[in-house]
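Participant: Please work out how this folds:
(chains A and B)
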There are 2 protein chains.
Amino acid sequence: MATINQNYWNLKESYLFSEIASRVLSYQKAHPDAHIIRMGIGDVTLPLPPAVIDAMHKAVEEMGHAETFHGYGPEQGYHFLRQAIGDYYKQKGVCLLPEEIFISDGAKSDLGNILDILGDNSVLVTDPVYPVYVDTNKMSGRSISYAQANQQNHFLPMPDPHLTADIIYLCSPNNPTGAAYSRQQLKEWVDFANQNDSVLLFDAAYEAFVTEDLPRSIYEIEGAKTCAIEFCSFSKTAGFTGTRCGYTVVPLELVRQETSLNKLWLRRQTTKFNGVPYIVQRGAAAVFSPEGQEQVKHNIDYYRHNAQMITDTLDKLGIWYTGGKNSPYIWLKCPHDMDSWTFFDFLLENAHVVGTPGEGFGSCGEGYFRLTAFSSHEMTRTAMDRFYAILRQK
Amino acid sequence: MATINQNYWNLKESYLFSEIASRVLSYQKAHPDAHIIRMGIGDVTLPLPPAVIDAMHKAVEEMGHAETFHGYGPEQGYHFLRQAIGDYYKQKGVCLLPEEIFISDGAKSDLGNILDILGDNSVLVTDPVYPVYVDTNKMSGRSISYAQANQQNHFLPMPDPHLTADIIYLCSPNNPTGAAYSRQQLKEWVDFANQNDSVLLFDAAYEAFVTEDLPRSIYEIEGAKTCAIEFCSFSKTAGFTGTRCGYTVVPLELVRQETSLNKLWLRRQTTKFNGVPYIVQRGAAAVFSPEGQEQVKHNIDYYRHNAQMITDTLDKLGIWYTGGKNSPYIWLKCPHDMDSWTFFDFLLENAHVVGTPGEGFGSCGEGYFRLTAFSSHEMTRTAMDRFYAILRQK
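Facilitator: Numbers count the residues shown, from 1 in each chain, chains lettered A, B, ... in the order given. Below is the predicted model:
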């Protein structure tokens, strides 16, 4: 008799975004005239940059003619894109070989799939946390410890010798808190991972939002190549949430049990993956052209301006927050000691603004709230005016 | 200390296609003037149909404007594509709900990933076999039994009460043998799976090549919805090997340990996958338009004509084979009792034609050889003329 993977029974229903949707829907039904502004979901709104559109049109055309048609490509991605990503890392002072870079259909897939090549290891995540780190490990029956993030540590927990683990997840700039580690802080994590022979899974999906002098890749930190795998994505950088492309870096120096994790990952990908569409890889490569870089910078600046509007409003109201400066996420302390869901309802009912209750990302998120900078200038302006009006009065 | 998934140590090096490449390369080096024709790899050569190209250009354009831009889509695929696939199944007399259809980036990914939701089950595959079924199970430490395919059973092994398993893989029309099961034969497999509460993983990637009155979906067989998951792909049908789209059907009736496999798969996909690019899904949907269907039929007929040239040649030479009629693959008995690799070298050296040694697909493939119909008419004609010339003499 076939059995199921019973670890799935231990998963909590991922109710966060469905609960949000249901509360918004019932409010909208009761108040059909309310103009609700959504600042909860981390999806981009600006269209793809013209350089990407041009490259994809060209690639579509190639696929329509026998002489330029592309069938199966290399599972780990075309050399032209891996080379472009390697050049991009050089700007950060990081030297990677093309065979250390694997093109993926997005960071989320690889953050889950990477566990295929690892053993029955203990896992450390931060709390609050991007739920994918937790659920993928629960699915494979691994035990999970939580490093508490809070106002005292500026939502940037540091290594604790009493809290070691075989696999450590870090996301910086962080989803959901927007907090970003300094060079010195990441050095402590890298040293900690190397001392314990842990593998550090570093999620750099928001690296392009960094404005201050902070690391944008874990490999800017000495010693990272012997302990860290980095996941990155074009989703938030270049608007690829619906176009699907990312990349994963597995350094050749990363060895556990005398086995190269790079070789294991290559074996996993060639067996279970057939690569990213040629058209999409051409679009992704265009992100690194001079025009592409300029257009992408323009879009990120647009979102940064939204973030600034949000943090200016919080500053005026004297509300504690992190993020916004190096991240499209702003993580704020709910005013007047409201809990996350009470503040959610308060904001929805009084300002018609939707955000994400921090409690949905873990128990340390209780009493906090996430706003995103991915809306339009106009919407963000209106939302923040309303936000200011209701909280100034209160 | 982080450990690795030690099951990877039990994988054989996937040397088949690299060994072929290396032998071809060294022959070409020694004989620079030899015009080598490749009939080994199962990759298509015709460009994407015009209807698909048009739809993708349109979708690229949509992604370039804020009003028509698409960010995150549903992980299980857009409704327009799932609806179109549902309508396609209706033509085969199969009724599926949209929520039973999951859009994937290709059959290979899902054939591997589906194992995530299943327990530590025993596995039955046929020999010869598509290596992905074997390697993905070895990666997760499952034990594998082999149902022997041979000339006696026309390379279509039937259920054996002494050889039960929790998970059973079938591929029909088959890769690599091209053999296709009849309705009655598949009924026996479905009954066998239901009797044993097995889960049948049915790979229908070549269904569009069926010409005779044979099932093109496992759900044409009564009882299949309580035991079978079907994997299909646009790769060979519509030339999507480099465009990446497929679909997986998990019927709502499929329940094990009182748990819906459809719900488990949805949970897996929403956690570890972010969907197929919008542009690609629009291209895939165009395959089902009236023009798309006509153009795809034209391409398949083109490959069928190649298959006919190959089987005509084998008929003239009196060489035993299967496939070709309902499949782009022709699986032949190596002439003069040569073993697979001896015949490979013989064909390369004397006809400058490259095929795939059957032994690479399993021990029952020893003494057999695979040719594919995915080349051009001209190449196939030339290859078959040479093939005939060297084997008529011998």
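Participant: Distance of the closest residue to A:A238 other than its chain neighbours relative to A:K297?
Facilitator: Excluding its sequence neighbours, the residue lying closest to A:A238 (CB to CB, 6 or more residues apart in numbering or on different chains) is A:V287, at 4.7 Å. Quick note: C-beta positions are derived from backbone N, CA and C, even for glycine. Going from A:V287 to A:K297 by CB to CB, to the nearest Å gives 11 Å.
Participant: Those two: which has the busier surroundings?
Facilitator: Using other CB atoms under 10 Å in any protein chain shown as the criterion, A:V287 and A:K297 rank with A:V287 on top: 27 against 14.
Participant: need the contact list for A:G42.
Facilitator: With contacts defined as CB atoms under 8 Å, 6 or more residues apart in numbering or on different chains, A:G42 is in contact with A:175, A:236, A:328-329, A:372, A:374.
Participant: Just these: which are in helices?
Facilitator: Using DSSP state H, the members of the contacts of A:G42 that fall in helices are A:K236.
Participant: which of the contacts of A:G42 lies closest to chain B?
Facilitator: Using CB to the nearest CB, A:F374 is the member of the contacts of A:G42 that lies nearest chain B, at 8.8 Å.
Participant: For the closest one, which residues are in contact?
Facilitator: Taking CB under 8 Å, 6+ apart as the contact definition, A:F374 lies against A:39, A:41-45, A:303, A:306, A:328.
Participant: let's go with 10 Å and repeat that
Facilitator: Listed by CB atoms under 10 Å, 6 or more residues apart in numbering or on different chains, the contact set of A:F374 reads A:38-46, A:236, A:239, A:241, A:302-303, A:306-307, A:328-329, A:380, B:71.
Participant: sorry, back to before: now render the contacts of A:G42 as a markdown table, adding pLDDT.
Facilitator: Rendered in a markdown table, the data for these read as follows (pLDDT from 0 to 100):
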| residue | pLDDT |
| --- | --- |
| A:N175 | 97 |
| A:K236 | 94 |
| A:P328 | 97 |
| A:Y329 | 98 |
| A:T372 | 97 |
| A:F374 | 96 |
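Participant: Confirm that A:G275 lies within a helix, as I assumed.
Facilitator: No - inclusion of A:G275 in a helix is not indicated when DSSP: H, G, I helix; E, B strand; the rest coil is applied; the result is coil.
Participant: how about it, what does it touch?
Facilitator: Contacts of A:G275 by CB under 10 Å, 6+ apart are A:72-78, A:102-105, A:269, A:281, B:105-106, B:108, B:241-242, B:244.
Participant: Could you do A:R216 as well?
Facilitator: With contact set as CB under 10 Å, 6+ apart, A:R216 has these partners: A:88-89, A:91-94, A:172-173, A:180, A:204, A:206-210, A:232, A:326.
Participant: Just the buried residues of these.
Facilitator: Of all the contacts of A:R216 considered here, the ones buried according to neighbour count by 16 or more other CB atoms under 10 Å in any protein chain shown are A:88-89, A:94, A:172-173, A:180, A:204, A:206-210, A:232, A:326.
Participant: Leaving aside the residues adjacent along the chain, what's closest to the residue of the stretch 251-394 of chain A found nearest chain B?
Facilitator: Per CB to the nearest CB, the residue of the stretch 251-394 of chain A with the smallest distance to chain B is A:K272, at 3.6 Å. With sequence-adjacent residues excluded and distances taken as CB to CB, 6+ apart, A:K272 is closest to B:G112, at 3.6 Å.
Participant: Mind telling me what element that neighbour is part of?
Facilitator: Using DSSP states H and E, the element containing B:G112 is helix B:107-113.
Participant: cool, A:I103 as well?
Facilitator: Short version: A:I103 belongs to strand A:101-104, going by DSSP H and E.
Participant: For stretch A:296-306, which residues meet the burial criterion?
Facilitator: For stretch A:296-306, using 16+ other CB under 10 Å, the buried residues are A:296, A:299-300, A:303-304, A:306.
Participant: would you turn these into a markdown table with secondary structure and pLDDT?
Facilitator: Written out in a markdown table, the entries for the buried residues of stretch A:296-306 read as follows (DSSP: H, G, I helix; E, B strand; the rest coil; pLDDT from 0 to 100):
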| residue | secondary structure | pLDDT |
| --- | --- | --- |
| A:V296 | helix | 98 |
| A:N299 | helix | 97 |
| A:I300 | helix | 97 |
| A:Y303 | helix | 97 |
| A:R304 | helix | 97 |
| A:N306 | helix | 98 |
